[in-house]
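# whatever this is, show me its structure:
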Amino acid sequence: MRGPVNKTKGVWKGPYLLLEQTGSVLFEIQDMVDVTRKYKVHAQRLDFYADASLEVTHELLEVIAHNNEGFMVEKLLCLTLDAEHLMVEVKWEGLESVENTWEHLADVHGMVPVKVNALLRKMATGSVGAKKLVKMARDALKRRGGSGR
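Residues are numbered from 1 along each chain as shown. Take a look at the predicted model:
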């Protein structure tokens with residue numbers, strides 16, 4: 001199992017053209033060399049370019065303010081048991097799959113309970129091992145006051 005990943009650090013790539021804001025902290029960008037390549041990225045992955053003619057508008061200031069909003073869960077991939085804890089693999093919105101992280105089930109349930117419950121329902125139809133994990137997860141969530149349905 002991988003250790004924690006620092007999602008805010010990365011190798012700079014670019015330049016890209018900013019096409020539009022698609023969510024509170026998500027943006028669609030376009031490769032300036034190969035205009036057919038477009039990506040959805042988190043605001044913290046962008047380095048802004050500024051020049052003397054840049055017009056700082058109210059909209060631009062709102063975009064900048066969203067940089068501290070945090071990361072959004074795109075989807076939950078799987079559930080596992082490490083030495084002591086139930087862990088969920090999280091795919092983060094606007095980040096690449098290599099930046100997926102393993103997070104404690106209870107923490108993820110606190111952020112996105114509907115997605116956790118959907119993952120548990122999906123896994124409950126799987127193998128015997130998956131069904132055991134689902135039972136453990138539901139029991140743990142009930143003890144903490146979550147539904148785990």
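
# CA only for contacts and neighbour counts going forward, please
OK.

# and the longest strand anywhere in the chain, what does it pack onto?
Longest strand in the chain by number of residues (criterion: DSSP state E): strand 73-81. Judged by 3 or more Cα pairs under 8 Å, 6 or more residues apart in numbering; DSSP states H and E, strand 73-81 is in contact with strand 86-92, helix 113-123, helix 128-144.

# and among those, the most buried is which?
strand 86-92 (a mean of 20; mean count of other Cα atoms under 10 Å).

# that strand to helix 113-123, inter-axis angle?
110 degrees (axes from the mean of the first three to the mean of the last three Cα atoms, to 10 degrees).

# mind listing the strands whichever helix or strand comes after strand 86-92 pairs with, and their directions?
On the C-terminal side of strand 86-92, the nearest following helix or strand under DSSP states H and E is strand 101-104. Strand pairing for strand 101-104, determined by DSSP bridges: strand 86-92 (antiparallel).

# which secondary element of the chain has the worst mean pLDDT?
helix 58-65 (a mean of 52; mean pLDDT, DSSP states H and E).
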